[in-house]
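1. okay, predicted coordinates and the sequence, questions at the end:
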Amino acid sequence: MRAGGSTAAVSFYEEAPRRPGVEEVRLTTAPLRSAPARWDELAPRTAAGFFNGRAWHQAHADPDAAAWHGVVLGWVGGTGRPSLRTVVPVSHYDRAPARPMLDPARLFGSMLRGGRLRTPEAWGRVTLIGATAGYRTVPVCHPDDEHLWARAVQYAMPDDGTAAVLYLDGPTAGRLTRYFPRAPLILTHARTVMRIQGSTFEEHLGALQRSSRTLARREERVFADGARAIKVLPLTAALLPDLARLHPTPKEATAAERELRRYLASPLAGSAHVILCTHNGATIGYRLVFQHGDGLVAHRITLDPRRTGHFAEQPVLQSHAPVRMGLARHLQEIDFGVGGFTEKLRRGARLLPLWSLLLRPPLGWTARHTREVNRRRAGELFDAYAQDMDVDDLALLRLIAQTGMFAA
């Protein structure tokens with residue numbers, strides 16, 4: 001990371017209105033482990049914001065040996081008592097990131113029909129800006145300070161190599177392009193989210209498509225017929241032995257317990273809960289969730305294969321129990337993550353396309369490449385999930401597949 005602006009192949013345009021008076025802006029860098037605690041206060045209090053806070057980043061830093069993880073900090077005010085106003089997580093890779101969902105050559109180049117842009121060598125060193133764990137990026141700042149966030153992004157970019165902001169939802173991506181108008185917007189992946197509707201479970205079901213409503217009611221009846229019950233508890237050390245025993249092998253049990261202990265030892269502990277599935281008082285399954293502001297992030301789900309499988313335990317833990325928890329706590333949204341789309345869509349979740357701002361594309365990248373990737377990615381999502389998608393989400397994917405252009 002360097003100080004000063006970049007001569008990157010993107011233009012930076014600052015459009016936001018200034019506040020009264022003169023703002024002295026200072027940009028600094030820090031290693032991830034030394035980032036100030038106030039970072040968490042700036043992250044939005046939403047499910048998306050959860051993945052962009054200090055606690056999540058420090059607990060999930062990419063272990064890739066080729067990476068350097070840090071932050072750019074945007075301060076406003078004099079040197080006496082400056083105010084931290086924006087935080088930009090940054091990861092520099094000397095070679096292609098080991099994780100496929102972070103590697104631009106695999107995310108974008110592999111979607112092309114041929115040519116050198118399919119190879120990691122074409123992308124050179126890689127700088128990723130935003131959330132590299134959790135796969136959902138939002139600016140860490142007050143909405144009025146997005147111009148400061150954009151300045152910090154520009155500051156974070158080195159003089160060479162590929163640079164990108166990965167995994168933006170459509171509205172956020174569209175809003176941020178005004179600061180980087182020459183940066184291609186590329187359809188990258190998708191995740192499933194559920195808007196919680198109404199004040200009761202029946203009101204929520206009433207807002208879903210008929211097929212989702214019918215399926216949910218049937219699964220809830222089967223679950224009750226099996227004398228299964230749901231209990232929501234804060235994650236504590238006392239629960240860990242029972243949770244670990246649900247995993248089918250000692251290796252998986254050890255790995256799961258290690259992960260849960262890591263959460264308990266981190267600032268994430270206060271937001272971590274487990275949704276327990278029980279039968280006659282014995283725990284037979286659980287779902288790890290995190291509550292952040294008005295959002296719920298649904299994480300690990302585990303079921304004892306010897307005692308489950310006949311009474312809809314999986315769909316209840318996967319979808320219905322998190323909805324009931326959200327209703328009880330007056331939450332707005334559940335983030336179900338980037339996998340298992342079909343089962344979640346069938347139970348009322350929506351498919352949320354995720355975009356990336358390619359701040360500095362590799363040499364030779366053109367608008368034709370952007371359109372080709374967008375068409376193919378949208379076509380793949382359409383073909384795989386069309387039969388279970390909301391009609392508005394389907395129309396959006398169809399438009400992107402036809403034009404190759406950004407749409408949200």
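-> Cool, the structure landed. Residues are numbered from 1 along each chain as shown.
2. any figure for the gap between the spatially most central residue of the chain and residue 357?
-> Nearest residue to the geometric centre of the chain (C-alpha atoms, centre = their mean): residue 136, 2.6 Å. Noted for residue 136: a distance of 14 Å to residue 357, by C-beta to C-beta, to the nearest Å. Where C-beta positions appear, they are placed from N, C-alpha and C, glycine not excepted.
3. check for me that residue 92 belongs to a helix.
-> No - secondary structure of residue 92 (DSSP: H, G, I helix; E, B strand; the rest coil): strand, not part of a helix.
4. which of the three states applies to the residue nearest to it when sequence neighbours are not counted?
-> Spatially, and ignoring its direct neighbours in sequence, residue 92 is nearest to residue 68 (4.6 Å; C-beta to C-beta, 6 or more residues apart in numbering). Secondary structure, three-state DSSP: residue 68 is strand.
5. again with the one 10 residues further on
-> Classification of residue 78 by three-state DSSP places it in coil.
6. can you count the residues close to the spatially closest residue to it that is not a sequence neighbour?
-> Computed as C-beta to C-beta, 6+ apart, the closest residue to residue 78 that is not its neighbour in sequence is residue 24, at 6.2 Å. Neighbour count for residue 24, taken as other C-beta atoms under 10 Å: 11.
7. and residue 162, by the same measure?
-> Neighbour tally, residue 162, other C-beta under 10 Å: 23.
8. next one: residue 346 from residue 169, what distance?
-> With C-beta to C-beta as the criterion, residue 346 and residue 169 are 22 Å apart.
9. what of residue 141?
-> For residue 141, the distance to residue 169 - C-beta to C-beta - is 16 Å.
10. of the two, give the one with the bigger neighbour count.
-> More crowded of residue 141 and residue 169, by other C-beta under 10 Å: residue 141, with 22 against 19.
11. so what pairs up with the more buried one in the strands?
-> Applying DSSP bridges to residue 141 gives these bridge partners: residue 86.
12. wait, it sits on residue 85?
-> Yes - with contact defined as C-beta atoms under 8 Å, residue 141 reaches residue 85; the gap is 6.1 Å.
13. what's the overlap in contacts for the two?
-> Shared contacts of residue 141 and residue 85 (C-beta atoms under 8 Å, 6 or more residues apart in numbering): 42, 74, 148.
14. I'd like the residues you listed as a markdown table, with neighbour count appended.
-> Shown next, in a markdown table, are the shared contacts of residue 141 and residue 85 (neighbours: other C-beta atoms under 10 Å):
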| residue | neighbour count |
| --- | --- |
| 42 | 22 |
| 74 | 28 |
| 148 | 23 |
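15. which of these sits closest to residue 317?
-> For those, the closest approach to residue 317 (C-beta to C-beta) belongs to residue 42, at 32.8 Å.
16. thinking residue 242 is in contact with residue 283, fair?
-> Yes - the pair residue 242 and residue 283 qualifies as a contact (C-beta under 8 Å) at a distance of 5.0 Å.
17. in terms of neighbours, single out the busier of those two.
-> Neighbour count, other C-beta under 10 Å: between residue 242 and residue 283, residue 283 has more, with 18 against 13.
18. tell me the SS of the more buried one?
-> Secondary structure of residue 283, per three-state DSSP, is strand.
19. restricting to C-alpha, output stretch 160-171 in PDB.
-> Provided in PDB are the C-alpha atoms of stretch 160-171 (Å, rounded to 0.1, in the frame of the first residue of the first chain):
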ATOM      1  CA  ASP A 160       0.100  -1.600 -10.800                       C
ATOM      2  CA  GLY A 161      -1.800  -4.900 -10.900                       C
ATOM      3  CA  THR A 162      -5.500  -5.600 -10.900                       C
ATOM      4  CA  ALA A 163      -7.800  -3.800  -8.400                       C
ATOM      5  CA  ALA A 164     -11.500  -4.500  -7.600                       C
ATOM      6  CA  VAL A 165     -14.200  -4.000  -5.100                       C
ATOM      7  CA  LEU A 166     -16.000  -7.400  -4.900                       C
ATOM      8  CA  TYR A 167     -19.600  -8.400  -4.000                       C
ATOM      9  CA  LEU A 168     -21.700  -5.300  -4.100                       C
ATOM     10  CA  ASP A 169     -25.500  -5.500  -4.200                       C
ATOM     11  CA  GLY A 170     -27.100  -3.800  -7.200                       C
ATOM     12  CA  PRO A 171     -28.200  -0.600  -5.600                       C
END
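20. do a quick rundown of the strands in this structure.
-> Counting by DSSP state E, the chain has strands at residues 25-31, 67-76, 83-93, 126-129, 140-141, 162-169, 185-195, 228-234, 272-279, 282-292, 295-303, 333-337, 350-360.
21. redo the ones you listed as CSV? Include mean pLDDT.
-> Shown next, in CSV, are those (pLDDT from 0 to 100):
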stretch, mean pLDDT
strand 25-31, 95
strand 67-76, 94
strand 83-93, 96
strand 126-129, 97
strand 140-141, 98
strand 162-169, 98
strand 185-195, 98
strand 228-234, 98
strand 272-279, 98
strand 282-292, 97
strand 295-303, 95
strand 333-337, 97
strand 350-360, 98
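22. as CSV, the ones you listed with distance to residue 403 would be great.
-> Below are these laid out as CSV (distance: least, C-beta to C-beta, whole Å):
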stretch, distance to residue 403
strand 25-31, 37
strand 67-76, 34
strand 83-93, 31
strand 126-129, 27
strand 140-141, 32
strand 162-169, 19
strand 185-195, 11
strand 228-234, 44
strand 272-279, 41
strand 282-292, 35
strand 295-303, 32
strand 333-337, 28
strand 350-360, 14
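23. nearest to residue 376, of those?
-> strand 185-195 (8.9 Å).
24. strand partners (parallel or antiparallel) of the closest one?
-> Strand 185-195 has these strand partners (DSSP bridges): strand 333-337 (antiparallel), strand 350-360 (antiparallel).
25. returning to that earlier point: isn't the residue nearest to residue 78 up against residue 74?
-> No - the criterion here is C-beta under 8 Å, and residue 24 misses it with residue 74 at 11.4 Å.
26. what is in contact with these two at once?
-> With C-beta under 8 Å, 6+ apart, residue 24 and residue 74 have no common neighbours.
27. quick one: contacts for residue 364?
-> Per C-beta under 8 Å, 6+ apart, neighbours of residue 364: 116-117, 122.
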